[in-house]
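Peer 1: Kindly return the folded structure for what I paste below:
(chains A and B)
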2 protein chains.
Amino acid sequence: MIQTPYLLFLGDAPDPLAAKVAQGIKDWRPDFALGQYRMEGCKADMGLPDITLAEAKAAGCKTLVIGVANRGGVISQAWKKVLVQALEEGFDLASGLHNLLRDEEDLAAVARATGRALHDVRVPEVDYPIANGIKRTGKRCLAVGTDCSVGKMYTALCMEREMRARGMKASFRATGQTGILITGDGVPLDAVIADFMAGSIEYLTPDNEADHWDLIEGQGSLFHVSYSGVTLALIHGGQPDALILCHEPTRPHMRGLPGYAMPGMEDLRDLALRMARIANPACQVVGISVNTQHMDEAAAKAYLAELEAKMALPATDPFRFGAGKLVDALAAI
Amino acid sequence: MIQTPYLLFLGDAPDPLAAKVAQGIKDWRPDFALGQYRMEGCKADMGLPDITLAEAKAAGCKTLVIGVANRGGVISQAWKKVLVQALEEGFDLASGLHNLLRDEEDLAAVARATGRALHDVRVPEVDYPIANGIKRTGKRCLAVGTDCSVGKMYTALCMEREMRARGMKASFRATGQTGILITGDGVPLDAVIADFMAGSIEYLTPDNEADHWDLIEGQGSLFHVSYSGVTLALIHGGQPDALILCHEPTRPHMRGLPGYAMPGMEDLRDLALRMARIANPACQVVGISVNTQHMDEAAAKAYLAELEAKMALPATDPFRFGAGKLVDALAAI
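Peer 2: Here you go, the predicted structure:
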């Protein structure tokens, strides 16, 4: 569990896209984002106050989150200077970088000396159990995709926001690095040992109030041969009551797999539901979330209307047009 | 890769069942099993010559394989004495025990000093790639089960033996600890990091001659919620051309999951084939392997005949009645 609130470290971000993690925190957990720390040459700006470490400390920040990708997979000396100082000032550090903070000898030594935590969210910090398959109280919704990176995390976050705005009980449950940094907690599922994957999701979504919804961040796709096992562990560990089908309509083939065609929406519905009902026979497909970012508004709306008619399910782009339809469908089951 | 041939260490096995790994090596790789090493009180006997370390060395043994489960998860001082001496004599050690050889400080130190290898086959020794899904040359057969522990490894080993007897090109590909110790190589799939599961199976079953068959050891079941993700990674990484359905008819519910009924054979056929065809559209279900160990011979034969009629597929217990039918079916595709 990462201590909040955060100081968002933007470093020397070469462009706004490099600061995707910081943007996610700013968008989805604005309460956690008290300020930003930018270095010489930084091309990203979250529109937050630029504050010093001392100011961040005074404002109550507990953790400096590396909200930016590093160049060439190296934690530069320029970054190190700030990170070491942050540890000395009493901040924990949190990072989703491929190269781990704990593997940097200087950072590890200063963290030990100062008693601060280094959170490398790519590495599990918990010994997860093997899944026991026992039915849990409370409700769970899982986003499943035709492919990887079609908007499953944003779908769950959009739904959580809408549900909370309506006074419903809802918790986004992160299963990837960005999601974990956004919320401060979660399971880095792609780094979990095979035997414990489903168990890690049971751990992430424990018994809850009968009217509480976990909105579980999806990963991979049953149709993506590189990662399908991760997806199935999520379906069987999550025991979802509701599935949201996620899709990106302009993709020519499965991500990173030129030889693999995208499945149809009916294929996804049928296969995901078949799989989900092994763990929860009452599971239903309740709606469709489409990432329409590469379509103009008229085309997006036409596509969604066509899909609704064809699939007899509510369809929206929750980031562009709101998650209301999906939440209506969830509230109805 | 574990160096062969082996000296089978039976230690102080409390009963024959405890020496399951040694029995597997003796049954399936008799050429690797040059002798056995038994300590005071050993209740297991492979029917191999009882030899000393010096005799084993002279006979050409390269590795001492711990072929027996230890009591209480502790490597005893009595074992240690033999294991240290084996390292000093120039043997590598191989083990599938839960507690690792490498975590024993004395064994690790002696191995370093003598330059010998400690193979803990529960831990991957390779950095596996992420699966790329590219079609490979050669053919692959995968055993899939209605449940865990229904005889998938024995099915593949029986088929390999029958195929080699017929002069066909066939390689058993181990994906579990026992299989790895039997053959000296393989992927400990349940211990692989989630993102690399399918890639590890691609690595295990690379391009091969057009008429060569990999017989891939199955793991878990698509219907077993604790391990289904591992099974799917095996299906998508293995790209099987042929599936064998495996079943144990007397089981009251899924192993370790009292709330979960066993699936029907048709369910397994349909779901496994649907999944396999995502990676290999030409995949076929070619036969059924039933573990009939809890049935008398008449009941077993009646059950198999009924299953053949119902499923229109050859069905046998390959360990009890031979793998001929399954190999005939494989040879026909």
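
Peer 1: Make sure A:Y203 is indeed in a strand.
Peer 2: No - the assignment for A:Y203, made by DSSP: H, G, I helix; E, B strand; the rest coil, is helix rather than a strand.

Peer 1: ok, it touching A:I130?
Peer 2: No - here A:Y203 lies out of contact with A:I130, judged by CB atoms under 8 Å, at a distance of 10.6 Å. Just so you know, the C-beta spots here come from the backbone N, C-alpha and C atoms, and that holds for glycine as well.

Peer 1: Can you give me the distance of the residue of chain A positioned farthest from its centre to chain B?
Peer 2: In chain A, counting by CA atoms, centre = their mean, A:A113 sits farthest out from the average C-alpha position, at 32.1 Å. Separation of A:A113 from chain B (CB to the nearest CB, to the nearest Å): 28 Å.

Peer 1: and if you look at A:A210?
Peer 2: The value you get for A:A210 to chain B, if CB to the nearest CB is used, is 19 Å.

Peer 1: and that residue, helix, strand or coil?
Peer 2: Reduced to three states by three-state DSSP, A:A210 is coil.

Peer 1: Get me the contact residues on chain A for chain B.
Peer 2: A:130-135, A:189-195, A:197-199, A:222-223, A:225-234, A:236-237, A:254, A:256-257, A:259-260, A:271, A:274-275, A:278-279 (CB under 8 Å from any CB of the partner chain).

Peer 1: Which helix or which strand is home to the residue lying closest to A:A59 once chain neighbours are set aside?
Peer 2: Spatially, and ignoring its direct neighbours in sequence, A:A59 is nearest to A:L34 (5.0 Å; CB to CB, 6 or more residues apart in numbering or on different chains). Using DSSP states H and E, A:L34 sits in strand A:33-38.

Peer 1: Who are the packing partners of the next helix or strand after that strand?
Peer 2: Sequence-wise, the next helix or strand downstream of strand A:33-38 (DSSP H and E) is helix A:53-59. In this structure, helix A:53-59 makes packing contacts with strand A:33-38, helix A:77-89, judged by 3 or more CB pairs under 8 Å, 6 or more residues apart in numbering or on different chains; DSSP states H and E.

Peer 1: To A:R140, which of these lies closest?
Peer 2: Nearest to A:R140, of all the helices and strands packed on helix A:53-59, is strand A:33-38, at 27.7 Å by CB to CB.

Peer 1: any idea how far the closest residue to A:M163 other than its chain neighbours lies from A:D214?
Peer 2: Among residues not flanking A:M163 along the chain, A:A170 sits closest, at 3.7 Å (CB to CB, 6+ apart). According to CB to CB, to the nearest Å, A:A170 and A:D214 sit 8 Å apart.

Peer 1: From B:P30, how far out is the most centrally placed residue in chain A?
Peer 2: Against the mean C-alpha coordinate of chain A, by CA atoms, centre = their mean, the closest residue is A:G179 at 2.8 Å. Between A:G179 and B:P30 the distance is 52 Å, computed by CB to CB.

Peer 1: for A:D31, same thing?
Peer 2: 67 Å.

Peer 1: When these two are compared, which one has more neighbours?
Peer 2: Counted by other CB atoms under 10 Å in any protein chain shown, A:D31 and B:P30 do not tie: B:P30 has more neighbours, with 12 against 9.

Peer 1: Do I have it right that A:L304 meets A:N291?
Peer 2: No - the pair A:L304 / A:N291 is not scored as a contact, 11.4 Å apart, by CB under 8 Å.

Peer 1: Could you look up the SS state of the residue nearest to A:V144 when sequence neighbours are not counted?
Peer 2: Spatially, and ignoring its direct neighbours in sequence, A:V144 is nearest to A:A272 (4.5 Å; CB to CB, 6+ apart). With three-state DSSP as the basis, A:A272 sits in helix.

Peer 1: got the contact list for A:A272?
Peer 2: A:144, A:222, A:235, A:243, A:245, A:285 (CB atoms under 8 Å, 6 or more residues apart in numbering or on different chains).

Peer 1: ok, back up a step: the residue nearest to the centre of chain A and A:G186 touch, don't they?
Peer 2: Yes - using CB under 8 Å, A:G179 is in contact with A:G186, at 5.6 Å.

Peer 1: between those two, what contacts are shared?
Peer 2: Common neighbours of A:G179 and A:G186 (CB under 8 Å, 6+ apart) are A:E217.

Peer 1: Could you pull up the residues touching the closest residue to A:A261 other than its chain neighbours?
Peer 2: Spatial nearest neighbour of A:A261, chain neighbours left out: A:H253 (6.1 Å); criterion: CB to CB, 6+ apart. Contact analysis of A:H253 by CB under 8 Å, 6+ apart lists A:259-262.

Peer 1: For chain B, see how far away A:I182 is.
Peer 2: Distance from A:I182 to chain B, counting by CB to the nearest CB: 20 Å.

Peer 1: burial of that residue, as a residue count?
Peer 2: 28.

Peer 1: That one belongs to a helix?
Peer 2: Yes - applying three-state DSSP, one finds A:I182 inside a helix.

Peer 1: Settle this for me: it is touching A:G24, isn't it.
Peer 2: Yes - at 4.8 Å, A:I182 counts as touching A:G24 under the criterion of CB under 8 Å.

Peer 1: and A:G72, what pLDDT?
Peer 2: The score at A:G72 is 75. That number is its pLDDT.

Peer 1: That one and A:N99, how far apart?
Peer 2: A:G72 is 10 Å from A:N99, by CB to CB.

Peer 1: between those two, which one's more packed in?
Peer 2: The neighbour comparison of A:G72 against A:N99 (other CB under 10 Å) goes to A:N99, with 15 against 6.

Peer 1: Give me the nearest residue to the more buried one, chain neighbours excluded.
Peer 2: A:G73 is the one closest to A:N99 (CB to CB, 6+ apart), at 5.5 Å.

Peer 1: measure the one you found to chain B for me?
Peer 2: For A:G73 relative to chain B (CB to the nearest CB), the value is 16 Å.

Peer 1: and that residue, how many residues sit next to it?
Peer 2: So A:G73, with other CB under 10 Å, has 9 neighbours.

Peer 1: what are the ranges of the helices in the stretch 1-150 of chain A?
Peer 2: A:20-28, A:53-59, A:77-89, A:105-114 (DSSP state H, counting those that start in this stretch).

Peer 1: Let's have those in TSV, adding mean pLDDT.
Peer 2: Shown next, in TSV, are these (pLDDT from 0 to 100):
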stretch	mean pLDDT
helix A:20-28	95
helix A:53-59	97
helix A:77-89	96
helix A:105-114	97
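
Peer 1: Could you say which of the ones you listed is packed most deeply?
Peer 2: Looking across the helices of the stretch 1-150 of chain A with neighbours counted as mean count of other CB atoms under 10 Å in any protein chain shown, the highest average goes to helix A:20-28: a mean of 22.

Peer 1: okay, the angle between that helix and strand A:33-38?
Peer 2: Using axes from the mean of the first three to the mean of the last three CA atoms, to 10 degrees, the direction of helix A:20-28 lies 150 degrees away from that of strand A:33-38.

Peer 1: Can you list the neighbours in contact with helix A:20-28?
Peer 2: With contact meaning CB under 8 Å, 6+ apart, helix A:20-28 is reached by A:6, A:8-10, A:16, A:32-33, A:36, A:44, A:46-48, A:65-69, A:96, A:157, A:161, A:172, A:177-178, A:181-183.

Peer 1: Quick check: end-to-end length of stretch A:38-48?
Peer 2: With CA to CA, to the nearest Å as the measure, stretch A:38-48 spans 11 Å from end to end.

Peer 1: That one: which residues count as buried?
Peer 2: Using 16 or more other CB atoms under 10 Å in any protein chain shown as the test for burial, stretch A:38-48 gives A:38-39, A:42, A:44, A:46, A:48.

Peer 1: can you list the residues you listed in JSON lines and add pLDDT?
Peer 2: Shown next, in JSON lines, are those (pLDDT from 0 to 100):
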{"residue": "A:R38", "pLDDT": "97"}
{"residue": "A:M39", "pLDDT": "96"}
{"residue": "A:C42", "pLDDT": "96"}
{"residue": "A:A44", "pLDDT": "96"}
{"residue": "A:M46", "pLDDT": "97"}
{"residue": "A:L48", "pLDDT": "97"}
